[in-house]
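> Here is my input, please return the structure:
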Amino acid sequence: MDATVLVSVLIVNYNGKHLLDACLGSLRQQTLARDQFEVIVIDNGSTDGSTTIVRERFPDVRLVEIGCNLGFAAANVAGYRVASGQFIALLNNDAWAQPKWLEEMLATAGQFRAGGVAAKVLFAHDPGLINSAGLVLYRDGRGGDRGFRQRDDGRFDAAEEVFGACGAGALYRRDMIDDVGFFDPSFFMYYEDLDLAWRARRRGWRFAYAPKAVVHHVHCASAGEWSPRFSFYVERNRVLTSLRNGSLLLALWACLGLVLRTLRCWLRVSLLWRTKWRPAHGVAYLRALGSVLAQLPATLAIRRRLSLSERVPPSSYRKFIERAPAESA
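Residues are numbered from 1 along each chain as shown. Got it, this is the predicted structure:
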């Protein structure tokens, strides 16, 4: 490990050629001294010339070419394996950071002695609207973004402890990752950040929110919000996260909930209650259910291992678990 590198910034890219100038360009404007951080782009087999853009326009960026699309979670793990920093920062390729992003994240990590830090993530199309001010865990096992689609009117301007950090713009201590592990590659994308936060919480690590560390994000640029692809990964990974980390009651409820949502989806498709619901959505829900069943033995083994390694009880982070809002889809 290079002891001079304080932060390694990991950026996963898949056919994001049109996004890279804004993303990588924003890192050139960081107030943190350039010799204190490295930038690593992990390319998931892009075919749009993304790698050429990185080589020609950003020669100081380290490029890791995987050759195929392993997904967000596995690509970040590949980046982590070659990273040198004491801290690991994540920035989506469809996001760009304001100049004090890294500096503020590091300051907040020190202030709270946190294992992870959440940025203030704003919607790119409306910078006055919050995408995420940290992750929330709901009582039904769902993950959510604190402040999602609320105005950035001062309500989220205080540095404070939160349940976890959204992977679109996050900072993690290497010591924490070495203790609890990084993202689970099998998640592919979505919920990998909540799963990591939950595992870290169970080991006694804290997360904090840095309101002055601002990131602008093109929400759901990869999969499209509530597209069939989005539905599959969100629904499957939501249940897997609860099965691994939640109480027995929550684990059973998460499984039953997916069955009920699958039936509801097909009912909507058959009755055409909502024009956005197509047979492809119903297939995605069935695939999610089948995938959960196929992974159940391995998931239960992970659940047991995590239970045996748990250092603190759920009561230590219960105050960050909120009442679940109504289902939005």
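> Show me the beta-bridge partners of Glu161.
Ala208 (DSSP bridges).
> and it, how many neighbours does it have?
Glu161 is flanked by 14 other residues according to other CB atoms under 10 Å. C-beta coordinates here come from the backbone N, C-alpha and C atoms, glycine included.
> got the contact list for it?
112, 114, 206-209, 320 (CB atoms under 8 Å, 6 or more residues apart in numbering).
> and which of the residues you listed is nearest to Tyr14?
Nearest to Tyr14 out of the contacts of Glu161 is Phe207 (CB to CB; 27.0 Å).
> so the closest one touches Ala109, yeah?
No: at 9.7 Å, Phe207 and Ala109 do not qualify as touching, with contact defined as CB atoms under 8 Å.
> Strands along the stretch 1-150 of the chain, start to end?
7-13, 37-43, 62-65, 87-91, 95-97, 116-123, 130-132, 135-138, 143-145 (DSSP state E, counting those that start in this stretch).
> and the fourth one, which strands flank it?
Yep, that's strand 87-91 we're talking about. The strands beside strand 87-91 in its sheet (DSSP bridges) come out as strand 7-13 (parallel), strand 169-173 (antiparallel).
> quick one: the residue of the chain most remote from its centre from Trp101, how far?
In terms of distance from the mean C-alpha position of the chain, Leu271 ranks first, at 34.4 Å (CA atoms, centre = their mean). Using CB to CB, to the nearest Å, we find Leu271 at a distance of 47 Å from Trp101.
> residues touching Arg323, list them.
For Arg323, the contacting residues are 138-139, by CB under 8 Å, 6+ apart.
> can you check Val12 too?
By CB under 8 Å, 6+ apart, the contact set of Val12 is 41-42, 44, 72, 75-76, 79, 92-93.
> What about the residue lying closest to it once chain neighbours are set aside, how many residues nearby?
Excluding its sequence neighbours, the residue lying closest to Val12 (CB to CB, 6 or more residues apart in numbering) is Ala75, at 4.2 Å. Ala75 has 27 neighbouring residues, counting by other CB under 10 Å.
> Also Pro185?
As a burial measure, Pro185 scores 16 neighbours (other CB under 10 Å).
> can I assume it is in contact with Gly71?
Yes: distance between Pro185 and Gly71: 7.2 Å, which falls inside the contact criterion (CB under 8 Å).
> what residue ranges in the stretch 1-150 of the chain are flagged as low confidence?
For the stretch 1-150 of the chain, the stretches with pLDDT under 70 are 1-3.
> What segments of it are helices?
Per DSSP state H, counting those that start in this stretch, the stretch 1-150 of the chain carries helices over the ranges 17-27, 50-57, 71-82, 101-112.
> possible to save those as CSV with distance to Leu137?
CSV is the format used below for the helices of the stretch 1-150 of the chain (distance: least, CB to CB, whole Å):
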stretch, distance to Leu137
helix 17-27, 28
helix 50-57, 34
helix 71-82, 19
helix 101-112, 18
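> Of all those, which one is nearest Val7?
Using CB to CB, the nearest of these to Val7 is helix 101-112, at 5.9 Å.
> Which positions in that closest one come out as buried?
Residues of helix 101-112 classed as buried: 101-109, 112 (neighbour count, 16 or more other CB atoms under 10 Å).
> Can you give me the domain boundaries for this structure?
Recorded structural domains for the chain (assignment: automatic domain parsing) are 7-217, 228-322.
> Quick one: end-to-end distance for the longest one.
Across domain 7-217, the straight-line distance between its terminal residues is 21 Å, by CA to CA, to the nearest Å.
> cool, stretch 52-66 as well?
The first-to-last residue distance of stretch 52-66 comes to 15 Å (CA to CA).
> Kindly report the same for stretch 175-193.
Chord length of stretch 175-193, first to last residue, is 17 Å (CA to CA).
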